[in-house]
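Student: I would like to see how this sequence folds:
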Amino acid sequence: MLKEGNKAPDFNAVDQNENKVKLSAFRDKKNVVLYFYPKDMTPGCTTEACDFKDNFKKFKDTVILGISLDSPARHQKFIDKYGLPFDLISDADQKVVNKFGVWQEKKLYGKTFMGIVRSTFIIDKKGVIRKIFPKVRVKGHVDEVIEVLKGI
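Tutor: Numbers count the residues shown, from 1 in each chain. You can find the predicted model right below:
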């Protein structure tokens, strides 16, 4: 399990344009808000993405990256539909979600299944995890993230 103070695991993945994204590319340049969410176009995920969008100007010196298992094409539709000003990472092979420990057993309506547990990691310019928000509740979450970034 990753803990605050650990070095964030590096990853290579692709964004909505199928451009390669490497977490370590931001080191010494920008803080990173890495938020994991279950699925594009679903109510909670749309609310979370739009909250980040609506507060985007408050994220100075910070890169926001959303990650789900959705394909780059589906991410692009999500971005286009809601005007999202940040990249969405496709993790179809589940390598990133496993590195960050957010691929877990979930329960819904009495059924058990594996899925992404909504989580956010704040990573500083040195690549250190400064804050982990496990099992995120969407309402008010972006404000919590902004508050933590003020202290970095």
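Student: So which residue is smack in the middle of this structure?
Tutor: The chain has residue 35 as the residue nearest its centroid, 1.7 Å off, counting by C-alpha atoms, centre = their mean.
Student: count of neighbours near the residue nearest to residue 131 when sequence neighbours are not counted?
Tutor: Distances taken as C-beta to C-beta, 6 or more residues apart in numbering place residue 122 nearest to residue 131, at 4.2 Å, with adjacent residues excluded. For glycine as for every other residue, the C-beta is placed from the backbone atoms N, C-alpha and C. The tally of other residues near residue 122 (other C-beta atoms under 10 Å) stands at 24.
Student: who's in contact with residue 101?
Tutor: With contact set as C-beta atoms under 8 Å, 6 or more residues apart in numbering, residue 101 has these partners: 1, 2.
Student: hmm, I was thinking of residue 114
Tutor: Here residue 114 is in contact with 103, 104, 105, 106 (C-beta under 8 Å, 6+ apart).
Student: Next, the buried residues of the helix or strand harbouring residue 21.
Tutor: Per DSSP states H and E: residue 21 is located in strand 20-22. Neighbour counts over strand 20-22 (16 or more other C-beta atoms under 10 Å) mark residue 21 as buried.
Student: what sits up against the next helix or strand after it?
Tutor: Sequence order places strand 31-36 as the next helix or strand after strand 20-22, per DSSP H and E. Strand 31-36 has contacts (C-beta under 8 Å, 6+ apart) with 8, 23, 26, 48, 52, 59, 61-68, 97, 100, 102, 116-125, 136, 145, 149, 152.
Student: Can you tell me what sits against the helix or strand of the chain with the lowest mean pLDDT?
Tutor: Here the helix or strand of the chain ranked lowest by mean pLDDT, DSSP states H and E is strand 103-108, holding a mean of 92. Strand 103-108 has contacts (C-beta under 8 Å, 6+ apart) with 94, 97, 112, 113, 114, 115, 116, 117.
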